[in-house]
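Here's my sequence, what's the structure:
(one chain, ligands or ions: 2)
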Amino acid sequence: MVPGASYHVQMTDSPHIHLGSLLRASEDAHAEGTLDHLRYEQGGQMQTLTFAEPAPYDVDVNALDGHEMYLQGSFEPTLTMECARCLRPVDVPLEITLGTLMRYEPSADAPYLEEAESGEEVLVFGNPDLDLSAYLAETTLLAAPLSVLHDPACKGLCQVCGHDLNDGPCEHMAQVPVEEIDDDLGIPEGSAHAKQTPFASLADLKLPED
Ligand SMILES: [Zn+2]
Ligand SMILES: [Zn+2]
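Ligands and ions are numbered 1, 2, ... in the order given. This next block holds a predicted model:
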């Protein structure tokens, strides 16, 4: 980041796209901006996904038939995850191509993703001033890798004393040879990070409190 850069003034608080003209007159809608975080509701709780650097998004929505439309665009967030072996922060840049069917249902309260009979996901919304926060957050979580290493050769932490073995050996090195690290999981056995869902690994993200 360039010191003194004025990106903050352009920062969008939450990404909205206005679909009123599209619904009335089939006019295509467009929205773009930059996000340093997303706040969205999940299971009745507000969640915050914070990005390591301003994340550009660019979204077009085109009318299809009736109340259906198609959203396409791009979103490039950089997540800060933990190295699965040594837990140091790792920036993970994602380049996400967006492409999602949408359906307008006036009765829909908050926008949600629904699986269509075709197996395709459909973004259902009821407010023509559509808040894309939850959609972009869910798309980001699905695109994130299950686990990352800060370096493919990361030596991990000593399982006895927690010493970062990348900084050099500790007195327990002889008892816990590096070869015993389970390479299928990419993490030392018994680590609290041995969870295998994207949400579990993302739950370990260090997110600053608002
Ligand atoms: Zn590491
Ligand atoms: Zn040790």
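
Not counting its neighbours along the chain, what's nearest the residue nearest the centre of the chain?
Closest residue to the average C-alpha location of the chain: Thr140 at 2.8 Å, with CA atoms, centre = their mean. Counting by CB to CB, 6 or more residues apart in numbering, Pro77 is the residue found nearest to Thr140 once chain neighbours are left out, at 5.2 Å. Yep, even glycine has a C-beta here, placed from its N, CA and C like the rest.

Count the neighbours of that neighbour for me.
28 (other CB atoms under 10 Å).

Would you mind giving me the confidence score for it?
Looking at Pro77, its pLDDT stands at 97.

Shouldn't Leu136 be within a strand?
No: if the criterion is DSSP: H, G, I helix; E, B strand; the rest coil, then Leu136 is helix and not within a strand.

In its sheet, which strands sit next to the longest strand anywhere in the chain, and in what direction?
Secondary structure of the chain read by DSSP state E shows that its longest strand is strand 45-63. Note on strand 45-63: by DSSP bridges, its sheet partners are strand 29-42 (antiparallel), strand 68-75 (antiparallel).

how about those in CSV, adding mean neighbour count and distance to ligand 2?
Formatted as CSV, the strands paired with strand 45-63 follow (neighbours: other CB atoms under 10 Å; distance: least, CB to the ion, whole Å):
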stretch, mean neighbour count, distance to ligand 2
strand 29-42, 18, 37
strand 68-75, 18, 42
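
Which among these is found nearest to ligand 1?
Closest to ligand 1 of the strands paired with strand 45-63, according to CB to the ion: strand 29-42, at 25.1 Å.

which residues of this structure fall in strands?
Going by DSSP E, the chain shows strands at 16-18, 29-42, 45-63, 68-75, 78-82, 89-93, 96-104, 112-115, 121-125, 129-131.

doesn't Tyr135 make contact with Leu123?
Yes: with contact defined as CB atoms under 8 Å, Leu123 reaches Tyr135; the gap is 5.7 Å.

What residues does the protein have near ligand 1?
Counting by CB under 5 Å from the ion, the positions of the chain adjacent to ligand 1 are Cys83, Arg85, Cys86, His150, Cys154.

any idea of the pLDDT on the third one?
Predicted confidence (pLDDT) at Cys86: the value is 96.

re the thing from before, would you format the strands of the chain as TSV with distance to Asp164 included?
Below are these laid out as TSV (distance: least, CB to CB, whole Å):
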stretch	distance to Asp164
strand 16-18	43
strand 29-42	29
strand 45-63	21
strand 68-75	33
strand 78-82	13
strand 89-93	13
strand 96-104	32
strand 112-115	39
strand 121-125	40
strand 129-131	41
